[in-house]
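# A structural model of the following input is requested.
(2 chains, ligands or ions: 2)
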Amino acid sequence: MASIADANKKVLDFDGQLQAQDDFFPTLKLLDNDGKLLDKAAYKRSELTDEDLVEIMKKMLFSRQLDIRSTKLAKQGRFGFFAPTAGQEASQMASAYAFGKEDWLFPGYRDIPEIVDKGWPVWKAILWSRGHAKGNEFTTEDGEPVNSWMPQIIIGAQYVEAAGVALGLKKRKEDAVAYAYTGDGGTSQGDFYEGVNFASAYKANAVFFVQNNGYAISTPRELQTAAPHLAAKGWGSGIPSLVVDGMDPLAMYLAAKEARAWAAAGNGPVLIETLTNRLEPHSTAGDDPLRYRTKEDIAEWWKKEPLIRMRKFMSEKGIWDDEKEEDYIAEVDSYIDDQIKIADNIDKQKISDFLKNTLEVPGQVMKEQIEHFESEGK
Amino acid sequence: MANKTYIAAIQDALDLALDKDENTLIFGEDVGENGGVFRATDGLQAKYSEDRVFNTPLAESGIGGLAIGLATTGYRPIMEIQFFGFLFEVMDSIAGQMSRARYRFNGTRNMPIVVRSPYGGGTKTPEMHADNLEGIVAQVPGLRVVMPANPADAKGLLLSSIESDDPVVYLENLHLYRSMKGEVADGYYTTPLDKAAIAREGSDVTIVSYGGAVPVSLKAADELAKEGIEAEVVDLRTVSPIDIETIGESVKKTGRVVVVQEAQRMAGVAATVMAEISERFILSLKAPIGRVAAPDTVYPFAQAENDWMMKADDVVAKAKEVVNYD
Ligand SMILES: Cc1ncc(C[n+]2csc(CCOP(=O)(O)OP(=O)(O)O)c2C)c(N)n1
Ligand SMILES: [Mg+2]
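Ligands and ions are numbered 1, 2, ... in the order given. Here you go, the predicted model:
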């Protein structure tokens, strides 16, 4: 048994404590950069079938294609605001694959593909990006509700709201969770801490993702905090917190699946830091990454992106090849073409509708404004 | 004299302020080597060191608190809020803390802080980036709210704001950043923080406006002139405090007033201006005061901006209504 003197020595060992923090969080990793399986037991634990692998691959490819097309369209002025996702496909799509329709998504502005994956049609995503109210209707093509908030612009706000849904689901004893995504920058916001802590205090059904993609616009991850791991921020609230290789689809899925099961069972929230990278500019609104990072650094990260290793892993297994990929991409492209056409043909939005959607029961001045805009056909 | 964009005038002022007083500090999200997302601080970190121009973690409340703390230790913080739509994240620092500090310390301590932030519509930003929230801060006692409408004022008002021992919310019009150029005097100069400007002289009607609404009002005045109506345009420059005297002189001259703002109609700066005119100069008025403002909705989704924002045509129509009233 350690003596009080030993314990005191430990308490006062600041250097030792920093080292312990640094050492505590090993990275969950199933596939290496070349698609070689590193941990058979963990893979078995994921219970992923070959069909699942194909599904995950397709979701990631869909996301990449949406990214490529959106970026192009934005350059032509046919898209509005878009936050590129290349490099984050595993962090986003492989994690999202672990959640069901019943689960509530709380996305940031970069998490468009996860919402689309829940059934929000791409034409609505395009309208959202262009700034059209119709894009903010979170329903499927058939009018079924999609359990997602809109892509959150206010960084961190999705975390506190997710905690609220998580508590609601727990109170209603539903087998469902709220899952929220923010970035490395997002972990600095007060809302981040409050959201994690509220969910922790109520042991609410939440899974929090921190997509550590290296940058918050131009600000490097190191400038956000001295904490060696962002996951450690979950520890302060007493919840399981892990670091996952965000370029590894298998690790991302496994972590998300286990976190979901834990949270849905009423054990409280889990925080997952995903180590990934933003391979492209912050957004389509004029960011130039070369002002704050090098070409070489970007090139290095491109070598680690998740599609490369997933392709290799699946080809090795004999369940994926170039032809399959080309066919699928062609399919996605023609789907996106159709969706753009739908978006282009949506009626112009009206200020009178905005006014009607401002308050359920408008006041006198607002009623005059509604009349005014209606008389102008606006 | 040099012909400069609105944003270049701001950058010029920041450069001069850093040069003049080593206690001035600039900080905020991405203001360092990136020079801010609009490049207002471009090159300043390289010129003045990371010690004086530095990035913060991503948290507006933190930035506000930092400013309060640094001001307490004798610095003169110039903090940036990347978009004024993020006012709500820093609201406690601004409205709950720095604005009240002088009062709470019984006048024994000042908060010489400048909160710089871009606002205003017309550039199709994502939501929560373009909102005109000046009315909210203008209602906070203990703050000055400054809204320049041209490059020369942008520079002079910013230097005054930095010199001021009161906390100043200095709002930069996003649309004007690069779309407006004007003559800007070289070197250091200040423009008073309590004096409106006559942006255009006229005798038939007074148009009172501020910030991004001033160029719109000036355009309207040109249109009105074609029809023989000479509008006087009063540029408030500061919406807190408001220069009632300058407004009054113009109102006494014209007897007719239109107040123009980009913000929604409810409450707000235009409402205050109208109330002050009604209280003080009602006997000089020959017609009810007209108002041009945006409808009372949330700032619109980008594609509807054009229908939502007030335009020169709206100002022209309202001015005619007021001029033709008898
Ligand atoms: C409250 C708030 N502050 C600032 C911004 C402006 N902004 C948009 S994205 C961004 C960086 C976010 O970085 P991170 O959380 O790492 O997410 P990433 O963009 O890398 O996905 C900033 C500062 C914002 N949208 N909301
Ligand atoms: Mg990031």
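# so how far is the longest strand along chain B off the chain centroid?
Assignment by DSSP state E gives strand B:257-264 as the longest strand of chain B. Chain-centre distance of strand B:257-264: 14 Å, with C-alpha atoms, centre = their mean, to the nearest Å.
# that one packs against which elements?
Here strand B:257-264 touches strand B:205-209, helix B:213-226, helix B:268-281, strand B:290-294, helix B:312-323, going by 3 or more C-beta pairs under 8 Å, 6 or more residues apart in numbering or on different chains; DSSP states H and E. Using the backbone N, CA and C atoms, a C-beta is placed for each residue, glycine as well.
# quick one: average confidence on that strand?
Averaged across strand B:257-264, pLDDT comes to 98.
# mean neighbour count added to the helices and strands packed on strand B:257-264, as a markdown table?
Shown next, in a markdown table, are these (neighbours: other C-beta atoms under 10 Å in any protein chain shown):
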| stretch | mean neighbour count |
| --- | --- |
| strand B:205-209 | 30 |
| helix B:213-226 | 21 |
| helix B:268-281 | 18 |
| strand B:290-294 | 22 |
| helix B:312-323 | 20 |
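# out of those, which comes closest to chain A?
Chain A lies closest, by C-beta to the nearest C-beta, to one member of those: strand B:290-294, at 9.3 Å.
# other SSEs contacting that closest one?
The criterion is 3+ C-beta pairs under 8 Å, 6+ apart, and the helices and strands that strand B:290-294 contacts are strand B:257-264, helix B:268-281, helix B:312-323.
# what about 6 Å?
Applying 3 or more C-beta pairs under 6 Å, 6 or more residues apart in numbering or on different chains; DSSP states H and E, we find strand B:290-294 packed against strand B:257-264, helix B:312-323.
# CA-only coordinates of the last one in PDB, if you can.
It stands for helix B:312-323. Provided in PDB are the C-alpha atoms of helix B:312-323 (Å, rounded to 0.1, in the frame of the first residue of the first chain):
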ATOM      1  CA  ALA B 312     -32.200  53.200 -52.700                       C
ATOM      2  CA  ASP B 313     -35.600  52.900 -54.400                       C
ATOM      3  CA  ASP B 314     -37.300  52.400 -51.000                       C
ATOM      4  CA  VAL B 315     -35.600  55.500 -49.700                       C
ATOM      5  CA  VAL B 316     -36.600  57.500 -52.800                       C
ATOM      6  CA  ALA B 317     -40.200  56.400 -52.400                       C
ATOM      7  CA  LYS B 318     -40.300  57.200 -48.700                       C
ATOM      8  CA  ALA B 319     -38.600  60.500 -49.200                       C
ATOM      9  CA  LYS B 320     -41.100  61.500 -51.800                       C
ATOM     10  CA  GLU B 321     -44.000  60.500 -49.600                       C
ATOM     11  CA  VAL B 322     -42.600  62.700 -46.800                       C
ATOM     12  CA  VAL B 323     -41.800  65.600 -49.200                       C
END
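# neighbouring contacts of that helix?
Applying C-beta atoms under 6 Å, 6 or more residues apart in numbering or on different chains, the external contacts of helix B:312-323 come out as B:204-205, B:216-217, B:219-220, B:223-224, B:229, B:256, B:258, B:260, B:287, B:290, B:292.
# among those, which two are most distant?
Spatial extent of those (C-beta to C-beta) is set by the pair B:Lys219 and B:Ala287 at 22.2 Å.
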